[in-house]
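# Let me see the structure of the following:
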Amino acid sequence: MKLVLLIRFSFWICSPLQVAASSYFTYHGFPPVAPHVCTFHVYNLAFQSKTLCAVYCAQNLLCNAFDTCFSDGISSCRLRYGLANSTGNHSSVCDHYKMKTNNVCPGGFFLRSLGMCKNNNLALHSPTTMSSVFDDPVFAYQRHGNGSLAVNGEVRSDDTECAVTNGELYPFLTVDLLDHFLVGRVVITNRLTNEWRLHDVNVTVGGDGSNFDCICGFFKGPGSSHQRVEVVCQEQCRGRYVRLQIVSGSEFLQICEVEVYSNCNN
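Residues are numbered from 1 along each chain as shown. Just a heads-up that it's a prediction; the model follows:
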């Protein structure tokens, strides 16, 4: 019985799947000093194994890098995403490995779940939904429109390219990040005119687009012309959707740009 178990165990740790998965990664020295940077899951292992950790990472479509660590007699595997640059910290008890496909996304990282590059600004060119879209034809030439204008990377001095809702109760703009991330901060660029309309904005994060149960932060306002409002999350908010909503009654929500950065891309 012991012999059979030993054979099965040996096959398990040396299987072709593990060997193939480990070949997708390259060694990058020591990991970032702060363990939470980019980390979204930690496995405790019975023994230290780069190969097994590589398998865990390869099976999770958000994972682009991992650390293998050994401290106080405990082996662990930390799965990471995004850009987690090594620090040369020679006192580290961990080794850092990156997936080779990261190299095809300079200035960003490879989102394996969709087979695409993602900018450090997670909101850039992401899908959006709004409670309504400003529908007054008199001002249509000003290009006050749907949420895509708030994630196109453009803030124009002539006050166009802004996402604007109708005047309504609790207007909102929701950005779909396309995968689940630890949201660290949200940056909102206000309009040049009617800037005072940006006030009492609640910034929340949710996992399914319906429930936004993690509160990132709040902007009381009122905003100033083309003000860049930075909301730093006061708690760990992990989710796929970020919602900006005025919570003080009837108003127009007017946003020229919204940027979302994760804890590993600050």
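# Just the local confidence number for the most centrally placed residue in the chain, please.
For the chain, the residue nearest the mean C-alpha position is F181 (3.7 Å; CA atoms, centre = their mean). As predicted, F181 sits at a pLDDT of 86.
# next one: V104
The model's pLDDT for V104 equals 64.
# wait, doesn't D135 sit right on E168?
No: taking contacts as CB atoms under 8 Å, D135 lies outside contact range of E168: 11.2 Å. (Each C-beta comes from the backbone N, C-alpha and C, glycine too.)
# Those two: which is more packed in?
E168 (15 against 12; other CB atoms under 10 Å).
# in the sheet, who's paired with that one?
Taking DSSP bridges as the rule, E168 bridges to E251.
# can you check the one 4 residues further on too?
Beta-bridge pairing of F172 under DSSP bridges involves Q245.
# count of neighbours near it?
What F172 shows, counting by other CB under 10 Å, is a neighbour count of 21.
# Renumber starting at 14 from here on
Taking 14 as the first residue, the last one we looked at is F185.
# Give me the below-cutoff pLDDT ranges for the stretch 64-213 of the chain.
95-105, 114-117, 119-120, 150-157 (pLDDT under 70).
# what number of residues lie near G86?
By other CB under 10 Å, neighbour count at G86 equals 5.
# scratch that, Y110
There are 23 residues near Y110, going by other CB under 10 Å.
# Within the helices and strands, which one has the spatially closest residue to L211 that is not a sequence neighbour?
Among residues not flanking L211 along the chain, G236 sits closest, at 3.5 Å (CB to CB, 6 or more residues apart in numbering). If you go by DSSP states H and E, G236 is not part of any helix or strand.
# number of nearby residues for G236?
Counted with other CB under 10 Å, G236 comes out at 23.
# what do you get for V199?
28.
# how close does the residue lying closest to it once chain neighbours are set aside sit to Y56?
Among residues not flanking V199 along the chain, V244 sits closest, at 4.7 Å (CB to CB, 6+ apart). Counting by CB to CB, to the nearest Å, the gap from V244 to Y56 is 32 Å.
# which one of these two has more residues nearby?
Neighbour count, other CB under 10 Å: between V244 and Y56, V244 has more, with 18 against 14.
# right, and that one touches I201 too?
Yes: between V244 and I201 there is a contact under CB under 8 Å: 7.1 Å.
# For the two, list the residues in contact with both.
Counting by CB atoms under 8 Å, 6 or more residues apart in numbering, the common neighbours of V244 and I201 are F232.
# which residues of the protein fall in helices?
15-26, 29-35, 63-72 (DSSP state H).
# Report all helices and strands that the last one contacts.
With contacts defined as 3 or more CB pairs under 8 Å, 6 or more residues apart in numbering; DSSP states H and E, helix 63-72 has these neighbours: helix 29-35, strand 52-58, strand 78-84, strand 87-93, strand 107-112.
# between the ones you listed, which one is nearest to V188?
Among the helices and strands packed on helix 63-72, strand 52-58 comes nearest to V188, with 19.1 Å by CB to CB.
# Compute the inter-axis angle for the closest one and strand 78-84.
40 degrees (axes from the mean of the first three to the mean of the last three CA atoms, to 10 degrees).
# what does strand 52-58 contact?
Residues contacting strand 52-58 (CB under 8 Å, 6+ apart): 65-66, 69, 73, 75-76, 87-94, 193-195, 251, 277.
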